[in-house]
Every structure is written in C-alpha cells, then in structure tokens.
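> Okay, predicted coordinates and the sequence, questions at the end:
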Amino acid sequence: MVLKLTDYRTEIHNNWCPGCGDFGILSAVQMALADLQIPPHQAAVFSGIGCSGKTPHYINAYGIHTLHGRGLAFAQGAKLANPELEVLLAAGDGDFLGIGGNHALHAGRRNIDLTVIIHDNFVYGLTKGQASPTLGLGVKTKGLAKPNIQQDINPISLAVVAGYTFVARGYAYDTRHLKELIKSGIKHKGSALIDVLQPCPTYDDIHTKDWYAGTDLKDPKTGRSMPRTYHLEDTGFDPVVKTGKEEEVVQKMTQAITKSFEWGDRIPIGVFYQNSFVPTFEERLAETRIPALLKTPAASMRIANPDGTPSLDMTPLLSKFTV
Amino acid sequence: MSADRVTWVVGGPQGSGVDSAATIYARALAEGKLQIYGEREYYSNIKGEHSYYTVVASEGRVRSRPSSVHVLATFDEETIVKHAFDVVKGGAIIYDPQVENTLLSQIPTLEAEAVGRVLARLGRKEEEGKVGEVSVKEVLSYAESAGSVLAPVPYSDLTMEVGHKLGVDPGRLTRSVNVMAVASSLSLVGYPLEFLEAAIQKQFSGKAAAANENVAAARASYEYASRFRPRVSFTLGNGHNSEQRVLLQGTQAVALGKIAAGGRFQSYYPISPATDESFFLEEYETFGRGNTSSDYFIVVQSEDEIAAVTMAIGASLAGVRSSTATSGPGFSLMMEGIGWAGINEVPLVITLYQRGGPSTGLPTRSEQADLLFALNAGHGDFPKIVFASGDIEECFYDAGKAFNYAEKYQMPVIHLVEKQLATGTVTIPPFDLSKVNIERGKLLSGSNGPFRRFKITEDGVSPRSILGQEGGVGWYTGDEHDEFGHITEDPDTRKRMMEKRMRKLELAAREIPLQDKMTYYGPSRPDHLIVGWGGTKGPALDALDILSARGFSVGFLQLKMMQPFPSDEVTKVIDSAGEVISVESNFTGQLAQLIAQKTGHMIKRQIHKYTGRPIGSDELVEALNDMFREPDRRLEVLTVGA
C-alpha cells in the first residue's frame, strides 16, 4: 500500500499563528515521510517546548512532546532501545540551543542515527517574544523592550564542531528544498541537524517573509526583489567528505564553518557538511562490545519465561560472587 | 576467649590498598564459612585522605557494626590516632613501627578537630604551640595501658625477606602490604592461614606469579605476627555452616536485581555513591557471556542527570525496562523528568542512593535525608511509588520489584538505598531467582481503530503501546492531555485524567502485599516499639536481640513502602505498643513526619544521626536503653564513627 501525504496528517486543530513558518516545516516533514514511505508507526517524532513543541501532535506518527530542551535526550534513549525506529526531533532555537544546549552539544559526540530539525525564528514565541540564542547582538525585534545584549550562537558552526555528521540549513517557505534536506537527513546514518530559518510573524518584525524574499533589495537592472536565501548546491559548494581522512574532514568542517557566517543580503541554505565515515553510537557498541544490538533491538529482547521467571540464565554472572 | 563476633578495622590513606585488603579479608573469612558484614568509609578524595573498612565476622548472620574493634590494622599514622581508642581490652593494633615517632602535627590530613579529640582522650590540654609535640607513640602507649596489644609488624623488613627468598625485587612486594596486614590480623586471632591462601589464589587466579608472591608475603607476616597472639584475648575459628553464600556489595545487588528482572537500559551521570552500580552494569553488559551473547544491557553515560532520566524515559517508551541511578544532587536535576513520566504514565525506575546532604553535603557518607524529597519529587500532583530497601539482600529483590511496580502501575518508581548499603559488603544466601517474578502490566495487543493511550479505565491503568508497534500510534505530552495524548485544557477532561492517574496509586496500595510494605519484628504487644527504615534495619534488629536479652519488651517496625503508605497497618502496630521511638539517619525525623502525616500519630521520642556515618549497634542499644529508662528523654543524637 502506498502511503499518501494525508496519511501523515492528524485532525487536531492547529493553533500556530496565521503565517507562522512552522506550517512550512510541518509540511516538509510530512512530505519527506511520505516520499520515503516510512509507515507512521515506525516513525517517532519528538519535540521540546515552545511553538515547535506542538509539531508532533500534527503528524500522524508516534508523537512525543517532551520537556523544554530535553527532546534530544528522550529521542536518543528511544533510538538506542529500538534502532529500527525512525527518530526525528522538532526542536526550537531557544529549546535546543538555550535550555537544551548541553544535550545539543553532547549528542554530537555520540552520532546516534536521528534527525534534528531546529525551528529557528530568533525569538521565544510562546512566552511572547524574548530573544532566542540565535538573535544577533544589538538586534531589537518588536517583542523586545531593549536591543538584544547577548551575542548569538551560530547553529551550523556549533553542530559541525560538536560532531554532527550531517549539517544543513533550510528555509521554512522553501518547502520543497526543505523536504529534500529532511529526506537527506533521515537517510544519513548518524546525527543530522537541519537549522530551519522560520519567520515569526507575531514577534519578529525583522526576519520576516518579505525580508527573506528580499523585497527591500531590488535588482538595479530588473527592479525585482532579490531573495536573500540561495541554494548552496547551485554554487558548486561540495559539503561531502569523500575519503574520511583527517585532513579532508578538517577542510570540509572549516569550509562549512566559514560558509555558515555568510549572512545579511546573501544567506546560503542547503547542506553545509556531511561525513558518513563516523560510526554511529549504535555501530560502535555493536562493533566492539554488543554485536546483538543491531540484530535484536533491546525493545524486542525476551526477558521472562511464560511463568514470569527471568529468561536469562544468570549462572555465569552470579557464580562470580559465590563463596 | 572466642568472640561471638570479631570486628576488624583496616585503615590507611585513600589509594593505599584498604579496599583490596578488606576484600581479601572478607574472602578469607568466607572461605572459612564465616559470615561477614562490612562498611566502607572514605573521603571524597582520590588519594591521601583517611579511608577505612570495618568487617564484622561471625558464624551466624551479622547485620551491623558494633563500635568496639577487636583488631585494628593500620597503614598509616592517622588510622592509629583515629581508631586506637576504639580497640577493646585484649584486642590488638597492627602497625608499622616506622610510624611511632611521627608527631600529630606531621600528619597533614588530620583535621584540627581530630587532633583536639586525641588530646582530650590522652587527657592533654591543648596549649598554643604544643599540639605538635604529641607523637603516635603516645597514642599507642595509651591504648596499651588501656589493655590493647601492640603488634608492630615491620612490613619493609618482611618484604625484603620474602623478596630475597623468592628471588624477586622486594619493590614488587610493596604491593602485597595489604595482604600482609590481613595475614597479620588473622594470625593474631588464630584464624587458619589456609583460608587466606585459598582467598589469595582466587583473587589472583590466572596470575600465578602474583598469587605466589602474595601467598609468600602472607605466610611470612602470619608467622611474624604469631608472636603477639598469646596476649590477644580473642580467637576466630572457622565456621561450620557449609551452605553456599554470595559475597557482594549493595550496588552489585541492585545491578544484579535489575538484570534478573529484565532491566535492559540504564542511563546515568557519574556521581558518588551511585556510579558503581552503572559501572558494574556496563562491565557486565553481556552478562558475562562475551560478545556472542544474544542478551545485553545498554548503559549510557549521559551529559547530565537531566539527560540520564529523560533518556531512560525515551527507552521505556520504546518498550525496554529502563532505569537510572543517582544520588541527591543528580536526583535534584531529575525533577522535571519525573513529572513528565508521571503525567505520561511511563514506567521508570530511579535508584536513589542517599548520601549526606544538603547540596554537595557529604558526598561519600551515608544519610536518610531524601525521603520527603523523593515523596515530593516533581511539581504538581501525580502518582509515584517510593520504597526503601533495608539491607543488601532486599536490594536485589527490590530492584526487580521496582520494574514490576513501574510497568503495572505505569508510573515513576523511586527505590531508596543509602550509601551505607551501596558500599557495604556482606555474605548472604544466594539469590533465589524463582522469587523474581516479571510482570509487565497492561500492554496493547492487536489494533482496533485509533489507539487511546490514555483511555479512562476503572483501575486507572490503560493498556500501553510501545514506539514502533503497529496499531499503537499515539501521542505523549507533558501538557494535560486527552485519551489520545493530545493537549487539552478542558476542565472536565483535566478532572477525569487527574483522577484516572491518581486511581493507579489506590490500585497499587490494594495489590502490593503487606510484606513488601512493612515488616514487624518482635512480640505482639511490645512495651517499646522502634520504628525505622532503610539501613537502620540491621542495627535495629541487633539492638532488638540485645535489649530483649536484657529483659526489655521491644519490637521493631521496618517501613519499606513510603508511597502508597500502609497507614492502617502502621496504625495497628503503633496502637499495640506501649510507646514508640523512631530511629533515623537524618536531622528532622523524616519518617516520623511521614507517619504523622499519614496516620495522625506523632512520634514524640526520636533518635537521629546525621554525622554521615551509619548507625552502629552499640550506640543504638545504649541510646534506646537510656530512653527506656528515662521517659522524659525526647531526642538522642548518635555520633559514633570516625
């Protein structure tokens, strides 16, 4: 049976603001799942707190709306318990990089096979517009009483340095492009992070849909708007590590970091970095210590006999303590 | 005279082999069919600070540590000055004669307060500038005059001798000083050397050279120390009960209990004294079967305790029996995760190894001060089960029961253990796996329309699906939710969901058998009822024996289940007793507060200890004895232990 886009939708009333960039991200995720024909019960969509946190409720798949910043930790536990699950995380910029920063950082060291999608709108929407960790220093959005006094985190650079092995940036209203990024992230074996630029029409009067569309930037020749976002892949940028050799990895990482600081009138979107040579946490465990891990997920392991007694023969273990 | 129990203390700087000495000593006693009870005391430090191990040996079961010591084996000056005064008349102190002339002021790790206590015992006034003039020798002489046998054992001379005999570098043998201390100790009480040799062979199995060197070192020091034996008043013979036993620590008992009960995922962040459990699970992740094992245990060291608890929840949602283990500071970080598991009805086991609080407190010491915190963990009202093990044997079975409670009632379960039990070592009967009964609770089977993960049911428990299960797609959220798991703020749904969740606690209260909630020991209508929990069980039962022999009518009520609390049953026991005295290792009498809250009964006489050292049997006996005789005494505070 072919799964259709509608198979990934729920009947829940969506209470995001009209014009919210989250709608574009939601569609892209649903389209990616449909394109990849991932059965709803095999996908687990996690989220944290904030507007992005509501995403799982709008997707017909296992949906786990967790705590502020902790979605990634929940997701990693689930993936290790059942590596056959397709695990996604709908994260917010404050959620992931602010309160969840520690988890965001350390997940890179593990490279567990999952896909993180950051809903990056520079503000804390649900608490009425405070600056998020991605808002630039000195920027004053309309929700702020004073200009932002803290410097911003660059999510792309952070992800590359932390060890994520697939790092990309998308734009919420370039939905088809975003869908392809999400599909690549899902297919990538390892931790994938996609930072999605997402206008908040209610609290951010700077990074608006018009701003991304470049309505303030007119081509002197044609007089038409010049969109700020452009596709990296159209420029010959090659993010993919080909040999896995250290020198090449460093070169690709450096290139990605440099590119990630391009901002303003020209904003690159697309894949910044991809390295498939780093084993996942699951593979590391399976290769060196627990070969059964990838054959039998812990979730399917039998633990009890029909009479309720343990099915595991504990003799070899208990004999170590016998005196 | 043959002592019913022989108490041995070995002490030295952290990292000097105190633990390995204690392990070999305990194994040697176990080889001779004796039973042992051991407590480990150490600073939050890697090398240098004073650490010591107490091992009590007996033919019968040993459950606690008396304060008097029969044999004290020392690796340094500090151990002598801190423990020599505890040695009984006719007992012995083993030390390296090289340390005799050290002045107290030359012991850098000795606290000023400890110096003050030594001076007080010696009857010396602390005068400005004169403190440092007291030497270790004076302490030893004092102990000798009080009846202790001084047993100087020149370890370096002995290692030279043994090295020469074996033709090996004596430097290698400095590693055998711990074995030499054990051999000297056993020699003093006349315990047969053959059992020590057998223990060494087992300890060093597969390392023939090391085994030979250690056996030679043991023989030489056993022989050397025998010259002191005639003056020592106590002997320790081997036991005769040939029943098989296991020798292990509390963290190992918990880990084995989790493995037996089908726990297969644990996430943790390093913290004393909980880490040993996770470390053990990781070491035996394929259960001692090597990497061809089809069964395994996943252990993840997370970036913090917030991740530890939430990873475990994620794994549980995917259908694995999941747990985390921590201590106070880590548990503090886990609050939000516990609340999320509560509202989402996720089976979750948290083993909480209590240490001295608040804040960093006493990281390597024992306390029972997290009871009310555990009961109130997380904001808002949600059901959770909180229960406490009383000894290391209980730890094994309770670790398994925790998973049953978690899965049957779909809620967080907090299993309370104390540092005292965590790092304690005991011999106990082998675990009976037929007593481990795995019950997984209500699970979705098949599919029939949209799945209602939080279906309102009469007993409050809804069948659950696991992530990846066909037909079980559903939602979880920390927001209040409807039966499908979608966010709602509807007042009626809120009311019904709150009631559904809380009903599960009533179900647990009905289903969990009384013996898993509390145990009463003693006569049916005691004059004096002692109430306690956790590690108080051991010293309380020993105190019960002693006080009963003195003619007191006394009983002990051990509380295990703190929530759901057995209010009616506790009330019955309290009402049957003449008077009630609570015994707890905390400042505020937390169990007494809980009993007051749940039964309305105010326990007016209490015994507390909050030095971070476990309650010893002697001090408890004396405190109870005093309270029995003086009805006006409201509070006794215990202080024994270096």
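It's in. Numbers count the residues shown, from 1 in each chain, chains lettered A, B, ... in the order given.

> what are the phi and psi angles of the nearest residue to A:Gly190 once chain neighbours are set aside?
Spatial nearest neighbour of A:Gly190, chain neighbours left out: A:Thr165 (3.9 Å); criterion: CB to CB, 6 or more residues apart in numbering or on different chains. C-beta coordinates here come from the backbone N, C-alpha and C atoms, glycine included. When quoted as degrees, to the nearest 10, the phi and psi of A:Thr165 stand at phi -100, psi 0.

> Can you report how many residues neighbour A:Thr165?
Other residues near A:Thr165 come to 24 when the count uses other CB atoms under 10 Å in any protein chain shown.

> same check, this time on B:Arg633
B:Arg633: 15 surrounding residues under other CB under 10 Å.

> Please apply the same query to the one 3 residues further on.
As a burial measure, B:Glu636 scores 19 neighbours (other CB under 10 Å).

> If the most centrally placed residue in chain A is in a bridge, with which residues?
Centroid-nearest residue in chain A: A:Val116, 1.7 Å away (criterion: CA atoms, centre = their mean). Under the criterion DSSP bridges, A:Val116 forms beta bridges with A:Leu89, A:Leu193.

> Contacts only, for it.
Contact criterion CB atoms under 8 Å, 6 or more residues apart in numbering or on different chains gives A:72, A:88-89, A:91, A:96, A:107, A:164, A:191-194 as the residues in contact with A:Val116.

> where does the residue nearest to A:Gly190 sit relative to chain B, distance-wise?
To chain B, A:Thr165 is 18 Å away according to CB to the nearest CB, to the nearest Å.

> is it true that that residue touches A:Ser184?
No: taking CB atoms under 8 Å as the definition, A:Thr165 is not a contact partner of A:Ser184, at 11.9 Å.

> got the contact list for the residue in the stretch 101-250 of chain A positioned nearest to chain B?
Distances between the stretch 101-250 of chain A and chain B by CB to the nearest CB are smallest at A:His106, namely 3.7 Å. By CB under 8 Å, 6+ apart, A:His106 lies in contact with A:162, B:302-303, B:307.

> could I get stretch B:63-80 in CSV with only the CA atoms?
As requested, the backbone C-alpha atoms of stretch B:63-80 are provided in CSV (Å, rounded to 0.1, in the frame of the first residue of the first chain):
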residue,chain,number,x,y,z
ARG,B,63,23.7,-7.2,60.3
SER,B,64,25.5,-4.2,61.8
ARG,B,65,28.8,-2.7,63.1
PRO,B,66,29.5,-2.5,66.8
SER,B,67,31.6,0.4,67.8
SER,B,68,34.3,-1.6,69.5
VAL,B,69,37.1,-3.1,67.5
HIS,B,70,39.0,-6.4,68.1
VAL,B,71,41.8,-6.0,65.6
LEU,B,72,42.9,-2.7,64.1
ALA,B,73,45.2,-3.0,61.0
THR,B,74,46.8,0.3,60.1
PHE,B,75,48.7,1.5,57.0
ASP,B,76,49.4,5.0,58.4
GLU,B,77,49.6,7.2,61.5
GLU,B,78,46.1,8.7,61.0
THR,B,79,44.4,5.4,61.3
ILE,B,80,46.2,4.7,64.6
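
> and it, how far out from the chain's middle?
19 Å (CA atoms, centre = their mean, to the nearest Å).

> Just the buried positions in it, please.
For stretch B:63-80, the neighbour count (16 or more other CB atoms under 10 Å in any protein chain shown) marks B:63-67, B:69-80 as buried.

> now the stretch 401-550 of chain B, which segments are flagged as low pLDDT?
Low-confidence segments of the stretch 401-550 of chain B, defined by pLDDT under 70: none present.

> how about the residues of it near chain A?
Those residues of the stretch 401-550 of chain B that sit near chain A, judged by CB under 8 Å from any CB of the partner chain, are B:427, B:430-431, B:433-434, B:436-440, B:466-479, B:485-487.

> The stretch 1-150 of chain B too?
Counting by CB under 8 Å from any CB, the residues of the stretch 1-150 of chain B near chain A are B:27, B:30-31.

> Inside helices: which ones of the contacts of A:His106?
When DSSP state H is applied, these are split such that A:162, B:307 fall in helices.

> Quickly note the distance from B:Gly38 to B:Ala22.
6 Å (CB to CB, to the nearest Å).

> so what sits against both of these two?
When CB under 8 Å, 6+ apart defines a contact, the residues bordering B:Gly38 and B:Ala22 alike are B:53, B:55, B:425.
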